[in-house]
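K.L.:
Structural data only, the sequence is not supplied:
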């Protein structure tokens, strides 16, 4: 019999694609992150509550967390009902894994409340049930790192491979307060690419994986090349050329579009360089009177987990 009455789960924001691995590569961030509350109740099923500042659908199948939680609860035999309070700190549409954070927090919380003790790879399909509500597809490039932490590579069969975490990387996340729909971001991508570009992109991804395993964290930064996706999505990103020039001049060693945008990520060698890059990006945004959020962070080795 389960004895836990309630719990609280933290889930990280994530960066997907990371230039070199479209739809297959992602990493978890130490910040930002968000919390989700779980409480055991007598009434069967999942019961959703919006936390402060959150306005999400409360119909279970239309809610990312609700769908993921219900899917897992059903698989575990519906032993009791679960009330979930969802408070969004990672804004939907930000490009840093808002829906993935909700999906993985939901399954980690339900698993903890029931004390099922499931492995993270066993929880992944249920989290993808929730992610599918938001994106219409079962892409794991955000969900896998949000669940497992660190950096993950997903092969075409859906198998998740954990990659070594580059602890020296300091990340700057810029989130301009504009909306770029995933469908719009997908629509600008070509249906076919040059064979030479595909070969070169595969080589950069291979180089990245090799350098991470070899501990060449600086060299791995330089492998973050995007030949297939970023050049086409750049037209959707606000003041993208200016951001690239400013970030590089301030000390960013690599950078690119996070997920489908509008957020971007910038990789630096140390905290001082990251601070300089953040200042430079803020100056670009302020020059255009564009509201924005900035996060200075590193990669998180831990994915979603119970914090109380």
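P.N.:
Okay, I see it. Since the structure is predicted, the reported quantities are computational estimates derived from the model, not experimental observations. Numbering: from 1, shown residues only.

K.L.:
SS state for residue 3?
P.N.:
coil (DSSP: H, G, I helix; E, B strand; the rest coil).

K.L.:
Could you chop this protein up by domain?
P.N.:
Per the record, the chain has its domains at 6-163, 170-297, by automatic domain parsing.

K.L.:
For residue 304, find the nearest of these.
P.N.:
Across the domains of the chain, residue 304 has its closest neighbour in domain 6-163 (3.9 Å, Cβ to Cβ). The way it works is simple: take the backbone N, C-alpha and C, and place the C-beta from them, glycine included.

K.L.:
Could you give the number of residues near residue 142?
P.N.:
For residue 142, the tally of surrounding residues (other Cβ atoms under 10 Å) stands at 32.

K.L.:
cool, and residue 217?
P.N.:
Neighbours of residue 217 under the rule other Cβ under 10 Å: 17.

K.L.:
give the contact list for the nearest residue to residue 118 once chain neighbours are set aside.
P.N.:
In space, and not counting its chain neighbours, residue 118 is closest to residue 111: 5.1 Å by Cβ to Cβ, 6 or more residues apart in numbering. Residues in contact with residue 111 (Cβ atoms under 8 Å, 6 or more residues apart in numbering) are 72, 117, 118, 123.

K.L.:
Throw the residues you listed into JSON lines and include secondary structure, thanks.
P.N.:
Below are the contacts of residue 111 laid out as JSON lines (three-state DSSP):
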{"residue": "72", "secondary structure": "helix"}
{"residue": "117", "secondary structure": "coil"}
{"residue": "118", "secondary structure": "coil"}
{"residue": "123", "secondary structure": "helix"}
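
K.L.:
If you count contacts, what does the host helix or strand of residue 83 end up packed against?
P.N.:
Following DSSP states H and E, the helix or strand that holds residue 83 is strand 81-86. Contact partners of strand 81-86 among helices and strands, from 3 or more Cβ pairs under 8 Å, 6 or more residues apart in numbering; DSSP states H and E: strand 25-41, strand 46-50, helix 64-75, helix 98-114.

K.L.:
Tell me which of these sits most buried.
P.N.:
Counting by mean count of other Cβ atoms under 10 Å, helix 98-114 has the highest mean neighbour count of the helices and strands packed on strand 81-86, with a mean of 29.

K.L.:
quick one: it to helix 64-75, angle?
P.N.:
Angular relation of helix 98-114 and helix 64-75 on a 0 to 180 degree scale: 40 degrees, by axes from the mean of the first three to the mean of the last three Cα atoms, to 10 degrees.

K.L.:
for the record, mean pLDDT for helix 98-114?
P.N.:
In this model, helix 98-114 carries a mean pLDDT of 97.

K.L.:
And stretch 183-194, by the same measure?
P.N.:
Across stretch 183-194, pLDDT averages out at 93.

K.L.:
Only the buried residues of that stretch, if you could.
P.N.:
residue 185 (16 or more other Cβ atoms under 10 Å).
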